[in-house]
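# Fold the following.
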Amino acid sequence: MDSINSTDAKKSFSDVVLKVQQAPVWITRHDKPVAVVMSAKEFQEIQALREKVLQLELNKGLDSLKAGRVIDGQEAINSLMQTIDNG
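Below you'll find the model as predicted:
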């Protein structure tokens, strides 16, 4: 993925807009990535995927509820904390 510093991105914004039609572009400040610019089409595709994953997870949760596979809030928090600690 291409990258460009924020100062150069401001100076040549129209070039950045053209580049992102091919692939996302990192925007850096002090050699650290601070943003990504991408085409509207790619952004919409990512949003659609996020919504699909969310819907799948919600459906899994509803299926678990219907099947009686539930845990209380504290048990859920403990499980998440263990996952974070081991991750």
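# Let me see the residues that make contact with stretch 73-84.
The contact list for stretch 73-84 (CB atoms under 8 Å, 6 or more residues apart in numbering) reads I71. The C-beta positions use only the backbone N, C-alpha and C, and glycine is treated the same way.
# could I have that stretch exported to CSV, CA atoms only?
C-alpha atoms of stretch 73-84 as CSV (Å, rounded to 0.1, in the frame of the first residue of the first chain):
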residue,chain,number,x,y,z
GLY,A,73,-23.0,-10.8,32.9
GLN,A,74,-20.1,-11.4,35.3
GLU,A,75,-19.2,-14.7,33.7
ALA,A,76,-19.3,-13.1,30.2
ILE,A,77,-16.9,-10.3,31.5
ASN,A,78,-14.6,-12.9,33.0
SER,A,79,-14.5,-14.8,29.8
LEU,A,80,-13.8,-11.7,27.7
MET,A,81,-11.0,-10.6,30.1
GLN,A,82,-9.4,-14.1,29.9
THR,A,83,-9.5,-13.9,26.1
ILE,A,84,-7.9,-10.4,26.2
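# Just the buried positions in it, please.
Judged by neighbour count (16 or more other CB atoms under 10 Å), stretch 73-84 contains no buried residues.
# centre of the chain versus that stretch, how much separation?
23 Å (CA atoms, centre = their mean, to the nearest Å).
# what do you get for stretch 12-24?
Stretch 12-24 has its C-alpha centroid displaced from the chain centroid by 20 Å (CA atoms, centre = their mean).
# Quick check: the gap between I71 and E45.
35 Å (CB to CB, to the nearest Å).
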